[in-house]
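A.B. asks: the following block contains a protein sequence and its predicted model.
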Amino acid sequence: MHDLVIIGAGHNGLVTAAYVARAGYKVLVLERREVIGGCCVTEEIWPGFKVSTAAYVNSLFRPRIIQELELKQHGFQMLPRNPSSFTPFPDTRYLMLGPDPGLNHREIGKFSKKDAESLPRYEAMLLKVADFLEPLLEETPPNPWSGFGDLWKLAQVAWKFRRLGKDAVAAIEILTGAARPILDRWFESEQLKVTLATDAVIGVQAGPSMPGTAYVLFHHVMGECDGVRGVWGYVKGGMGAISQAIASAAKKFGAEIRTKSPVARIQVRDGQASGVVLEDGTEIPARCVASNVDANLTFLKLMDSKELPADFVQAIRNIDYSCASLKINCALSELPDFKALPGSALGPQHHGTMHICPEFDYMERAYDDSKYGRPSQAPILECTIPTSVDDSISPAGQHILSMFVQYAPYKLREGSWDQIKESFADRCCDILNDYAPNFKRSILHRQVISPLDLERTFGLTGGNIFQGAMSLSNMFFLRPTAGYADYRTPIRGLYLCGAASHPGGGVMGACGYNAAREILRNRLV
């Protein structure tokens, strides 16, 4: 019998496996697909092109995990992006941003001297809030409805919050407010504001004026790349190299990982998880089970709801899985030649995220379409070219471009994604081609991953890349639902270890780390 069976070999599940196996327990990870990594995966979908098919950049992955699991010894290597951002505009001007304060001051100064002076103060404010919030990523949320111990933990959080002083007001707005009014207050140039604001809507079904988008915006300034705060990078060998490194560490500690092993049911006896049953009928007994898949799949698909409290089942049904993201992966014969910064030779414009979003109202109109079940007529594009810094993932002289698109609502008013995804991708490519006229003719291969594909391929309910909304009502001690934010569930010995739990989505590993700590603290059961 195994001590722990983990459902899903996404990066969080692998982190849990590594830590529990390191403690001397017998761990088995079961993965439905033929590859490990979940959304943090690299796949050779065309000969010679190793594509990060879902997740595509990294910053949030916890330094503690890298160090404690010695992931660099298992092949993990970050490749920082400098510059980190390039936004071309229809008038052929552009804005380039990165970790160099001098570059940022010069670039922003092209549009507003005032904004060039304001950016360092804005970033300093965010860093103060980050210093408060980031430690919470690696803590088990207290339960306000529990005993004195949890209330004391909550009081400690409140005391730390109080120490923010005047920045506490900014922290509250970041946690609860909308991105647009915050950016409007700090800056005057549309060019800077839209460049920052695209990060506020990525992966969510919301416009920049909607409450909750400020936290998504803030989510993108946390983290680090090789010790440099707020810098996002690529991973050598693609995002799957993170998962492979964790898996290698887990195997070193004795964990077993099986692919092509879809779980059909979580077994429960007398209120206690006792193992799983695979789709082929194989029963695998275990002292406890941890699920890396979302709450909907865990509790409503892999279990009989009769085994759970009725109020808990209703709370799980109430989780918001709305999403409006679509991914396009392209193999290119040459780099994009932007009108704003001509030249198809490798340049600074190709290193970071290329934002195609000229103004705030463009963003609002794109969201307006999505509200009514229509893909955006003029979508927001965030494009990345990992081959600009990593020549190990494509044939010589050729490149990979990934396009993360907003808005592509999961629920369509008319038609289906299987019918329209290619025509919608054509529209996205046309838009990028307006800025870089050689783009379309450079496409050798193209993969379009619709919200429906995200659900079917990666097991993401509603195509939601965060395993549930990242709004205040579904965060911290409310994730996945009130009373169950400690990675435990109403079933003894059944835990959540994926992004459905605190602190949520993104390639952080924190959910898996926290779950492992609680599993070990509870001595598995």
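C.D. replies: Done, it's in.
A.B. asks: so residue 501 touches residue 481, yeah?
C.D. replies: No. Using C-beta atoms under 8 Å, residue 501 is not in contact with residue 481; the gap is 10.4 Å. All C-beta spots, glycine's among them, are computed from the backbone N, C-alpha and C.
A.B. asks: which one of these two has more residues nearby?
C.D. replies: residue 501 (32 against 20; other C-beta atoms under 10 Å).
A.B. asks: can you say which helix or strand has the closest residue to that one other than its chain neighbours in it?
C.D. replies: Closest residue in space to residue 501, ignoring its immediate chain neighbours: residue 511 at 5.0 Å, by C-beta to C-beta, 6 or more residues apart in numbering. Taking DSSP states H and E as the definition, residue 511 sits inside helix 510-521.
A.B. asks: which of the residues in that helix are buried?
C.D. replies: 510-520 (16 or more other C-beta atoms under 10 Å).
A.B. asks: any chance of those in CSV, plus pLDDT and distance to residue 80?
C.D. replies: Conversion of the buried residues of helix 510-521 to CSV gives the following (pLDDT from 0 to 100; distance: C-beta to C-beta, whole Å):
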residue, pLDDT, distance to residue 80
510, 96, 21
511, 98, 25
512, 98, 24
513, 98, 23
514, 98, 27
515, 98, 29
516, 98, 28
517, 97, 30
518, 97, 33
519, 97, 34
520, 96, 34
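A.B. asks: closest to residue 452 out of the residues you listed?
C.D. replies: Nearest to residue 452 among these is residue 511, at 24.8 Å by C-beta to C-beta.
A.B. asks: for stretch 244-254, buried residues please.
C.D. replies: 244-251, 253.
A.B. asks: quick revisit: which other helices and strands contact the helix holding residue 511?
C.D. replies: helix 11-22, strand 283-291, strand 494-496 (3 or more C-beta pairs under 8 Å, 6 or more residues apart in numbering; DSSP states H and E).
A.B. asks: packing partners of the shortest one?
C.D. replies: Contacts of strand 494-496 with other secondary structure elements, assessed using 3+ C-beta pairs under 8 Å, 6+ apart, are made with strand 283-291, helix 510-521.
A.B. asks: what's the answer for the first one, then?
C.D. replies: For helix 11-22, the contact count by 3+ C-beta pairs under 8 Å, 6+ apart identifies strand 2-7, strand 27-30, helix 240-252, helix 510-521 as packing neighbours.
A.B. asks: export the shortest one as PDB, just CAs?
C.D. replies: Taking C-alpha atoms only, strand 27-30 is exported to PDB below (Å, rounded to 0.1, in the frame of the first residue of the first chain):
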ATOM      1  CA  VAL A  27       4.400   8.200  -2.800                       C
ATOM      2  CA  LEU A  28       2.700   7.500  -6.100                       C
ATOM      3  CA  VAL A  29       1.700  10.200  -8.700                       C
ATOM      4  CA  LEU A  30      -0.900   9.300 -11.300                       C
END
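A.B. asks: contacts for the strand or helix carrying residue 106?
C.D. replies: According to DSSP H and E, residue 106 maps onto helix 101-109. Helix 101-109 is contacted from outside by 83, 95-98, 115-116, 119-120, 189, 192, using C-beta atoms under 8 Å, 6 or more residues apart in numbering.
A.B. asks: again, only this time at 6 Å
C.D. replies: Residues outside helix 101-109 that contact it (C-beta atoms under 6 Å, 6 or more residues apart in numbering): 95-97, 115-116, 119, 192.
A.B. asks: any idea how far residue 491 is from the residue of the chain positioned farthest from its centre?
C.D. replies: In the chain, the residue that sits farthest from the middle, by C-alpha atoms, centre = their mean, is residue 270; the gap is 36.3 Å. As judged by C-beta to C-beta, to the nearest Å, residue 270 and residue 491 stand 10 Å apart.
A.B. asks: what about this protein, any weak spots by pLDDT?
C.D. replies: Residue ranges of the chain with pLDDT under 70: 147-148, 219-230, 525.
A.B. asks: tell me where the longest helix sits in it.
C.D. replies: helix 113-133 (DSSP state H).
A.B. asks: buried residues, that one. List them.
C.D. replies: Those would be 115-116, 118-119, 122-123, 125-126, 128-130, 132-133, for helix 113-133 by 16+ other C-beta under 10 Å.
A.B. asks: ditto for stretch 12-23
C.D. replies: By 16+ other C-beta under 10 Å, the buried positions in stretch 12-23 come out as 12-22.
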